[in-house]
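Peer 1: Just a sequence and a predicted model for now, questions to come.
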Amino acid sequence: MADTAITLRLTVADPVPGVRYSLQKDDAPFEPVTATDASLSFDVPIHLSDDGRFLGPFVRREGKERRFVYIRIGTSAGDHSSEWSRRAKIDIHDIPPALLDQARAGRTLEVVLPGRGKDGTPACATVRPVKGWAAV
């Protein structure tokens, strides 16, 4: 069997207006957008191997099991006038197998992430969902 193309949707609730956000593809910003008062969503194409490995240019890894996707923020997303240079790390290795089966069947899997940290600036580092993974 071949790898299966799936889509993960990363939705940033309450992003900081005026700040640029993008996915990280390989080691560069990908399709940056500037936030407004509305939520931001990024659709991430991933390849899921038959044995459950996440593959593709958006997938980062740490150790044997941890897999994640970065959202770049501010200067990291290509806005060199921004006061922020951050990345948000979104874990994908812990998506439940039953949801991955739905993704293999063509459903998009979405997670909702906080847009701001406790201090009101863009959320960064390992970002924990405000609403966990769900098939949409």
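Peer 2: Noted; the coordinates are in hand.

Peer 1: Do a quick rundown of the strands in the chain.
Peer 2: 4-13, 20-25, 28-34, 40-48, 54-55, 60-62, 66-74, 85-91, 109-114, 125-126, 131-135 (DSSP state E).

Peer 1: With mean pLDDT, mean neighbour count and distance to Leu99 as new columns, can the ones you listed be given to me in JSON lines?
Peer 2: Every residue, glycine included, has its C-beta placed from N, CA and C. Compiled in JSON lines, these are given as follows (pLDDT from 0 to 100; neighbours: other C-beta atoms under 10 Å; distance: least, C-beta to C-beta, whole Å):
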{"stretch": "strand 4-13", "mean pLDDT": "98", "mean neighbour count": "19", "distance to Leu99": "10"}
{"stretch": "strand 20-25", "mean pLDDT": "98", "mean neighbour count": "22", "distance to Leu99": "20"}
{"stretch": "strand 28-34", "mean pLDDT": "97", "mean neighbour count": "15", "distance to Leu99": "24"}
{"stretch": "strand 40-48", "mean pLDDT": "97", "mean neighbour count": "17", "distance to Leu99": "11"}
{"stretch": "strand 54-55", "mean pLDDT": "96", "mean neighbour count": "16", "distance to Leu99": "13"}
{"stretch": "strand 60-62", "mean pLDDT": "97", "mean neighbour count": "14", "distance to Leu99": "20"}
{"stretch": "strand 66-74", "mean pLDDT": "98", "mean neighbour count": "22", "distance to Leu99": "15"}
{"stretch": "strand 85-91", "mean pLDDT": "98", "mean neighbour count": "19", "distance to Leu99": "14"}
{"stretch": "strand 109-114", "mean pLDDT": "98", "mean neighbour count": "20", "distance to Leu99": "6"}
{"stretch": "strand 125-126", "mean pLDDT": "97", "mean neighbour count": "10", "distance to Leu99": "20"}
{"stretch": "strand 131-135", "mean pLDDT": "98", "mean neighbour count": "15", "distance to Leu99": "6"}
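
Peer 1: Go through these and name the closest to Gln102.
Peer 2: strand 131-135 (4.3 Å; C-beta to C-beta).

Peer 1: So what are the sheet partners of that closest one and their directions?
Peer 2: Under the criterion DSSP bridges, strand 131-135 sits next to strand 109-114 (antiparallel) in its sheet.
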